[in-house]
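Enquirer: Sharing a model prediction with you, sequence too.
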Amino acid sequence: MTYDVIILGGGPAGLTAGIYLSRGGKKTLLLEGIEGGEAARIEKVENYPGFPEGISGSDLVARIREQARAFGTEIRSEEAAALEAVGEEKRVRVETEVLVSRSVIIAIGTHPRRLQVPGEKELFGRGVSYCATCDGPLFRGKPVAVVGGGNSAVHEALHLAGLASRVYLIHRRDRLRAEHVAGERARSHPRVEIVWDSIPQRFLGDESLSGIEILNKKTGAVSVIEAAAVFVSIGAHPRTEFLRGVLDLDPEGFIVTGENLQTSMPGVFAAGDVRVQDFRQIVTAVAEGARAAQAAENYCGVMSPPRRR
Ligand code: NAP
C-alpha cells in the first residue's frame, strides 16, 4: 500500500492528525482544498490556549501546517472525489489518479451556507460576500450589513466595525446565539446596530449591491437597509456529496461517527467540523485530529501485514 493513512482536509483537525501520525512513523498523505480551511479566515482567535494576546487564524494554521510538514506529512493541494474500500485497501480518487492507503481520516470541515434569496447569486462578488476578513477592506467608510446571530456573524460585525461607517447586524430572532462576551461587545459598539427579528427577502442593486430588503417577522413591516455590502454568516454545511451512499451521513450531510471517531466504514475516521456534533471550535478540532490519528494508527496495527506491490 502506498500510504498508511490519507487525511482529507488541511484545517486544524487534519493537520493535527498529520502531526501525530508522522511523528508516530506512519507514512501520511494530507490532501488539502483551501489551505488552512475555514479556520484560516478567522481574523483573531482569542480562545485557543497558549496565545493570551490572540492569534490570527491564518497564523495559527500556518504553524500547525509547518509542524505537520516538519514531522514528514506529505501535503498535496488536491481534493478527494471518491472513496471506496476494496478488501483492506482504502482507495481515494483525486482528479488524475487513485491513491491507496490502509486508513483514511476525513477532516474536510464545512463551507458557508447560502441564504437563497433573490440577488444573492447575481450580486456575489459585487457586494455579496461570505468572508468579512477577505472582502471587508473593500468597503472602508461605507455602510455594510451582516446576516446571522451566531459567533461568526458577531465576530464579522465587530471586525467590520473597524472599517465601515456603520454595520447592521440582521438577525432573525430577538436573541443572539453568539457567546455572551462577543454579543455584549456588538451590542455596545457605537457603529454596530442590531436589527432584530428580521430576515432578508432580497438583495437589491444592478451593478453592485445598494441595499437589503428586510421583513420584520414580528410586525410584518418591510423596509430597506442601504448598504454597500452584505456578509452572509448563517452557519456552514459540509461538502460530503462524494460520500453519500459510502458513509452514514445525517440529513444535512455531516458524518456520523461512533466510538473513537469511527465512521460506518471500518478504518475510516472523521474529525472536526464535518462530524455530527454541536460544539465546533478550533480546540475541539485539534483534539479530534489527535484522537482520529490514534484510532487510525491502532487500526493499521491490527491489519494484516502489507502486501508487496
Ligand atoms: P451558527 O452558530 O450555526 O449560527 C448561525 C446563525 O445564523 C444563527 O444565529 C442562526 O439563527 C442564523 N441563521 C441560520 N440560518 C438562517 C437563515 N436561513 N436566515 C437567517 N439566519 C439564519 O454558525 P456560526 O456562527 O457560523 O458558527 C459555527 C460554529 O463555529 C459554532 O459552533 C460557533 O460557536 C463556532 N465559532 C466559534 C467562534 C469563537 O470564537 N468561539 C467563532 C466563530 C465560530 P438562529 O440563532 O435563529 O438559529
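Expert: Sure, I can see it.

Enquirer: what's the burial count for the residue in the chain positioned nearest to the ligand?
Expert: Among all residues of the chain, residue 150 sits closest to the ligand, at 2.4 Å; criterion: CB to the nearest ligand atom. Just so you know, the C-beta spots here come from the backbone N, C-alpha and C atoms, and that holds for glycine as well. By other CB atoms under 10 Å, 18 other residues sit near residue 150.

Enquirer: got a list of what it touches?
Expert: 176-178, 233-235 (CB atoms under 8 Å, 6 or more residues apart in numbering).

Enquirer: redo that, cut-off 10 Å
Expert: Residue 150 is in contact with 156, 171, 176-179, 182, 233-236, counting by CB atoms under 10 Å, 6 or more residues apart in numbering.

Enquirer: got it, and residue 210?
Expert: Residue 210 touches 123, 127, 203-204, 224, 226-228, counting by CB under 10 Å, 6+ apart.

Enquirer: Got phi/psi on it?
Expert: Dihedral pair for residue 210: phi -120, psi -20, per degrees, to the nearest 10.

Enquirer: how about the residues of the stretch 51-200 of the chain that lie near the ligand?
Expert: With the criterion set to CB under 6 Å from any ligand atom, the stretch 51-200 of the chain comes near the ligand through 115, 147-153, 155, 172-173, 177, 199.

Enquirer: What subset of those is buried?
Expert: Neighbour-count burial (16 or more other CB atoms under 10 Å) applied to these gives 115, 147-153, 155, 172.

Enquirer: Tell me which of those fall in strands.
Expert: With strands taken from DSSP state E, the overlap with these comprises residue 147.

Enquirer: hey, what's the closest residue to residue 110 other than its chain neighbours bridged with?
Expert: Leaving aside its chain neighbours, residue 110 sits nearest to residue 236 (3.5 Å; criterion: CB to CB, 6 or more residues apart in numbering). Beta-bridge pairing for residue 236 (DSSP bridges): residue 112.

Enquirer: check contacts around residue 236.
Expert: By CB under 10 Å, 6+ apart, the contact list for residue 236 reads 38, 109-113, 130, 150, 152, 273-274, 280.

Enquirer: end to end, how far does stretch 159-176 reach?
Expert: 17 Å (CA to CA, to the nearest Å).

Enquirer: How about it, which residues are buried there?
Expert: 159-161, 163-164, 166-172, 176.

Enquirer: Compute the mean per-residue pLDDT across it, please.
Expert: Mean pLDDT, computed over stretch 159-176, is 97.

Enquirer: any idea how far it is from the chain center?
Expert: 21 Å (CA atoms, centre = their mean, to the nearest Å).

Enquirer: Can you mark which positions in stretch 276-287 are buried?
Expert: Residues of stretch 276-287 classed as buried: 280-282, 284-287 (neighbour count, 16+ other CB under 10 Å).

Enquirer: and these near the ligand, which?
Expert: Checking those against the ligand by CB under 6 Å from any ligand atom, the ones in range are 280-281.

Enquirer: what's the longest helix belonging to the chain packed up against?
Expert: Longest among the helix segments of the chain by residue count, using DSSP state H, is helix 282-302. In terms of contacts (3 or more CB pairs under 10 Å, 6 or more residues apart in numbering; DSSP states H and E), helix 282-302 is packed against strand 3-8, helix 12-23, helix 57-70, strand 98-106, strand 268-270.

Enquirer: Redo these as a markdown table? Include mean pLDDT and distance to residue 262.
Expert: Shown next, in a markdown table, are those (pLDDT from 0 to 100; distance: least, CB to CB, whole Å):
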| stretch | mean pLDDT | distance to residue 262 |
| --- | --- | --- |
| strand 3-8 | 98 | 14 |
| helix 12-23 | 98 | 14 |
| helix 57-70 | 96 | 22 |
| strand 98-106 | 97 | 10 |
| strand 268-270 | 98 | 6 |
